[in-house]
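Chemist: Provided below for reference: sequence and predicted model.
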Amino acid sequence: MAFYMFQGRYSTDALRAMVDNPQDREAAGRALIEAVGGKLHQFFFSFGTDDVVAIVEAPDDTAMAACSLALGASGAMSGGATTKLMTSPEAMAAMSAAKNASKSYKPATG
């Protein structure tokens, strides 16, 4: 399974609904992620540009995209971004692959 960081901004209507009727949005997010076979590791409300940050483990990019699409289609979010994360061993494998691939690359010259 792959790891992802989701950062999102709630719509004005969603914020109004949460102020008028406080509700556990972590439970709602967990249900959505589990519906595609994933796991919600952390869910945070945050200050700044984004209202929420979540660390998610999902079977693949398609499953995570399905979550993002379903969330976006709900109208609850006014924007957001999903970032795929790599573990240290995955990053080291990428570094090794880059080392091998760099032998084939010719940079632009002036």
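Modeler: In hand now; what should we look at? As the structure is a prediction and not an experimental result, all values here were calculated from the model.

Chemist: residue 45 pairs with what?
Modeler: Beta bridges link residue 45 to residue 52 when assigned by DSSP bridges.

Chemist: contact partners of stretch 67-84?
Modeler: Stretch 67-84 is touched from outside by 2-14, 32-33, 36, 38, 50, 56, 58, 61, 64-65, with contacts defined as Cβ atoms under 8 Å, 6 or more residues apart in numbering. All C-beta atoms are positioned from the backbone trio N, CA, C, and that covers glycine.

Chemist: again, only using 7 Å
Modeler: 2, 4-11, 14, 32-33, 36, 64 (Cβ atoms under 7 Å, 6 or more residues apart in numbering).

Chemist: out of those, which are buried?
Modeler: For the contacts of stretch 67-84, a neighbour count by 16 or more other Cβ atoms under 10 Å gives the buried set as 2, 4, 6-11, 14, 32-33, 36, 64.

Chemist: so which of these sit within strands?
Modeler: Among these, DSSP state E puts 2, 4, 6-10 in strands.

Chemist: bridging residues for the residue nearest the centre of the chain?
Modeler: Centre of the chain computed as the mean C-alpha position; nearest residue by Cα atoms, centre = their mean is residue 6, 2.7 Å away. On the basis of DSSP bridges, residue 6 is bridged to residue 54, residue 82.

Chemist: returning to what we had before: let me know the closest of the ones in strands among the buried ones among the contacts of stretch 67-84 to residue 93.
Modeler: Taking Cβ to Cβ as the measure, residue 93 sits nearest to residue 2 out of these, at 13.5 Å.
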